[in-house]
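Participant: Next one to model:
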Amino acid sequence: MRGPEESLDLFVCMDEEVVKVEKSMGGLGVEVTENQEDNPFAQNFDIVGKNLIIRRREGPLPESLRELAGQVLQAVSKAVNTYYAFGSVYSDDAT
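Facilitator: As a prediction, the model looks like this:
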């Protein structure tokens, strides 16, 4: 994001933690617990990225960009919550 003479770099990414996932009967991935790892009939696979990370470059945040940064963070948070609730970032309670 760029202001008149200031800039703010925000990064949204997943971490590098590996999660073991098993394909459920519905076709969705479900995290595998330790006692489920030895199931020979399961379709297990690894997914890189367990936690969503939102960060910015270190340093002081210019006062003129504070409100804009807050709005962007709220929009990202809403999109993630909507995705997990409805399966799409474009859905809402009315659809």
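Participant: in this protein, which spans are helices?
Facilitator: Secondary structure of the chain by DSSP state H: the helices cover 63-86.
Participant: Enumerate the positions of the helix-or-strand element of it with minimal mean pLDDT that are buried.
Facilitator: Least confident helix or strand, the chain: strand 29-31 with a mean of 78, by mean pLDDT, DSSP states H and E. Across strand 29-31, burial judged by 16 or more other Cβ atoms under 10 Å covers no residue at all. (Each C-beta comes from the backbone N, C-alpha and C, glycine too.)
Participant: mind checking how far it is from the chain centre?
Facilitator: 16 Å (Cα atoms, centre = their mean, to the nearest Å).
Participant: same for that strand, what does it pack against?
Facilitator: If you count contacts as 3 or more Cβ pairs under 8 Å, 6 or more residues apart in numbering; DSSP states H and E, strand 29-31 packs onto strand 18-23.
Participant: Just name whatever secondary elements the strand it packs on is in contact with.
Facilitator: strand 29-31, strand 44-48.
Participant: Give me the sheet partners of the shortest one and which way each runs.
Facilitator: To tie it back to what came earlier, the one meant is strand 29-31. strand 18-23 (antiparallel) (DSSP bridges).
Participant: what is the orientation angle of the strand it pairs with with strand 44-48?
Facilitator: Using axes from the mean of the first three to the mean of the last three Cα atoms, to 10 degrees, one finds that strand 18-23 and strand 44-48 are set 140 degrees apart in direction.
Participant: Give the rounded mean pLDDT of strand 18-23.
Facilitator: What strand 18-23 shows for mean pLDDT is 86.
Participant: Stretch 78-87 now?
Facilitator: On average, stretch 78-87 scores 83.
Participant: Just grab the bridge partners of the closest residue to N44 other than its chain neighbours for me.
Facilitator: Leaving aside its chain neighbours, N44 sits nearest to E22 (5.2 Å; criterion: Cβ to Cβ, 6 or more residues apart in numbering). Using DSSP bridges, the beta-bridge partners of E22 come out as V30, N44.
Participant: can you tell me how far E22 sits from M14?
Facilitator: The gap separating E22 from M14 is 20 Å, by Cβ to Cβ, to the nearest Å.
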